[in-house]
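Novice: Predicted model, plus sequence, below.
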Amino acid sequence: MVIGKLRLGFSEKTIFDALSQMTSGGKSLRKELDNTFQIYPDPGYITQVVKERGMAGLKNVRVKTGVPVVPALCQRLNNYREIVDKMGEAAVERKYDGTRVQIHFNRLKNEIRTYTRNLEESSPMFPELFQMNKWIMGDEVILDCEAVGYDKKTGKVLPFQITITRKRKHGVAETAKSIPLRFFVFDILSLNGRSLIEEPYFERRKFLTKVVKKNETIVPDEYFKTDDPVEVQKLHDKFLKEGFEGAVIKMWNGEYLPGRQGWNWVKIKEAEGASGKLSDTLDLVILGYNLGKGKRAGFGMGAFLVGLRRGESWVSIAKVGTGLTDEEFKGLKIKLDKSKTKEKPKDYLVSGSLVPDVWVEPLVVVEIAADEITKSPNHAGGIALRFPRLIKFREDKGPKDATTWKEVEEIAKLSLN
DNA sequence: CGTGTCTGCCCC
DNA sequence: ATTCTGC
DNA sequence: GCAGAATGGGCAGACACG
């Protein structure tokens, strides 16, 4: 099936608005179009159905294996009480740092297909699913899960960088052997032709338990029911200690809603109130900046390179392009241009792909938050920050007061549990 | 044949 | 992924 | 509150170059 470029993003909204108007419908019509899009995300097809059979035709569009469902996503919120206040009763699940997989199983057609979070078909990536027929109690099933690499000896999950090596065109079988994946199933979207997306969470979970038989490769994900913020916090701490990315909290009665809607699904990774999953923020020095595109080109900076002192050199460990307001970008450019250098300063160690458009003297200190310190093939320091963002400018600090290499190594050790 | 660089309706 | 911004 | 548009690290692949 060809899903056109209009699939996600820019104009299905416009198209559906036009379609609603054309068919003299109002808001309810628009809602019906959106609901259909969730189970058949192809605006071209939907337009055709409406054209040929009118809005009534939409009722005949059903969930089916081989057509991806627009996946539900998590809102972010790092306050336990607020989460519970917004949801009431909720389920708490582990957050896995892997890759999202929507599994479509059709016994009669002998078909097993998978889709990514962006509705990309990914079937060739997961040869281990070919035995689904033994593991699934049903003939036509759509499952939602997270696939994570795991260590066969210890059973522990592996870092994202290892899991994602599976995203390849060649050598999939070899990689599957050396880095097996485990599929943690947390939802079921359809069963034998019947859509379950409008069923409440706890009902879907009942179906899931009946349908998925646990084994080495596929596991019905564990969940904990609660309406107590303290309990949520305890579970979150437990998950972090176990080495998982955090917790996902879902409304107990919630439907399976596409995208981020309301407070149906919420994720929490960091300690309550913290700005990133990494235990500490880092005070780093700006080494240069890039000119930026689109709106950012207007104020002459899109991102800046940060690093710290290691021995006699300055080494980069991240680029930062978020966390600043437009005004802050403008102000920072003016400030940095005062210490622009024509050439790369001699004591800078920065590898090719990260070389900025403009080099600056190592003077400006910024506080940076991140989720993780990872080994890096790109940054000269050999490590990098995952999801770096600016917290604030440290005008009170000079380059000598910046975080030291030793401190970073300590934090890195801690973050590897 | 290796190495470097760049790209992806990429994954996060 | 995170974050900011205009609506 | 929501969608859109900026931006991050890093993987395999494709391609250029020597």
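Specialist: Received, thanks. Nothing here was measured: the structure is a model prediction, and the numbers come from that model.
Novice: got the residues of chain A near DNA strand C?
Specialist: Counting by C-beta under 7 Å from any atom of the strand, chain A comes close to DNA strand C at A:74, A:76, A:100, A:117, A:269, A:275-276, A:322-327, A:369, A:371, A:387, A:389. C-beta coordinates here come from the backbone N, C-alpha and C atoms, glycine included.
Novice: Using neighbour counts, trim those to the buried set.
Specialist: Buried members of the residues of chain A next to DNA strand C, counted by 16 or more other C-beta atoms under 10 Å: A:Cys74, A:Arg100, A:Lys269, A:Ser275, A:Gly276, A:Gly323, A:Leu324, A:Ala369, A:Asp371, A:Arg389.
Novice: lowest-pLDDT helix or strand in chain A?
Specialist: helix A:12-22 (a mean of 77; mean pLDDT, DSSP states H and E).
Novice: Which members of the buried ones among the residues of chain A next to DNA strand C are the farthest-apart pair?
Specialist: For those, with distances taken as C-beta to C-beta, the pair at the greatest spread is A:Arg100 and A:Leu324 (29.4 Å).
Novice: any idea how far A:Ala384 is from A:Lys95?
Specialist: Between A:Ala384 and A:Lys95 the computed distance is 22 Å (C-beta to C-beta, to the nearest Å).
Novice: One more: A:Asp42?
Specialist: Distance from A:Asp42 to A:Lys95, by C-beta to C-beta: 30 Å.
Novice: do A:Trp405 as well
Specialist: As judged by C-beta to C-beta, A:Trp405 and A:Lys95 stand 31 Å apart.
Novice: what about those two, which has more around it?
Specialist: A:Lys95 (19 against 15; other C-beta atoms under 10 Å).
Novice: and the more buried one, what does it touch?
Specialist: A:Phe239, A:Phe244, A:Glu245, A:Gly246, A:Ala247, A:Val248, A:Lys267, A:Ile268, A:Lys269 (C-beta atoms under 8 Å, 6 or more residues apart in numbering).
Novice: that's a strand at A:Ile286, yeah?
Specialist: Yes: under DSSP: H, G, I helix; E, B strand; the rest coil, A:Ile286 sits within a strand.
Novice: got the contact list for it?
Specialist: Here A:Ile286 is in contact with A:Phe304, A:Leu305, A:Val306, A:Leu336, A:Val360, A:Pro362, A:Leu363, A:Val364, A:Val365, A:Val366 (C-beta under 8 Å, 6+ apart).
Novice: can you confirm the third one is in a strand?
Specialist: Yes: under three-state DSSP, A:Val306 falls within a strand.
Novice: how about the nearest residue to it, chain neighbours excluded?
Specialist: Closest residue to A:Val306 apart from its sequence neighbours, by C-beta to C-beta, 6 or more residues apart in numbering: A:Leu284 at 3.9 Å.
Novice: How much space separates that neighbour from DNA strand B?
Specialist: 20 Å (C-beta to the nearest atom of the strand, to the nearest Å).
Novice: how many neighbours does A:Glu120 have?
Specialist: A:Glu120: 11 surrounding residues under other C-beta under 10 Å.
Novice: any idea how far it is from DNA strand D?
Specialist: 13 Å.
Novice: any idea of the pLDDT on that residue?
Specialist: In this model, A:Glu120 is scored at 95, pLDDT.
Novice: Show me which residues of stretch A:254-267 are buried.
Specialist: The neighbour-count check on stretch A:254-267 (16+ other C-beta under 10 Å) flags A:Gly254, A:Tyr256, A:Leu257, A:Pro258, A:Trp263, A:Asn264, A:Trp265, A:Val266, A:Lys267 as buried.
Novice: Following the record's annotation, map out the domains of chain A.
Specialist: As given by automatic domain parsing, the domain ranges for chain A are A:11-60, A:75-268, A:282-416.
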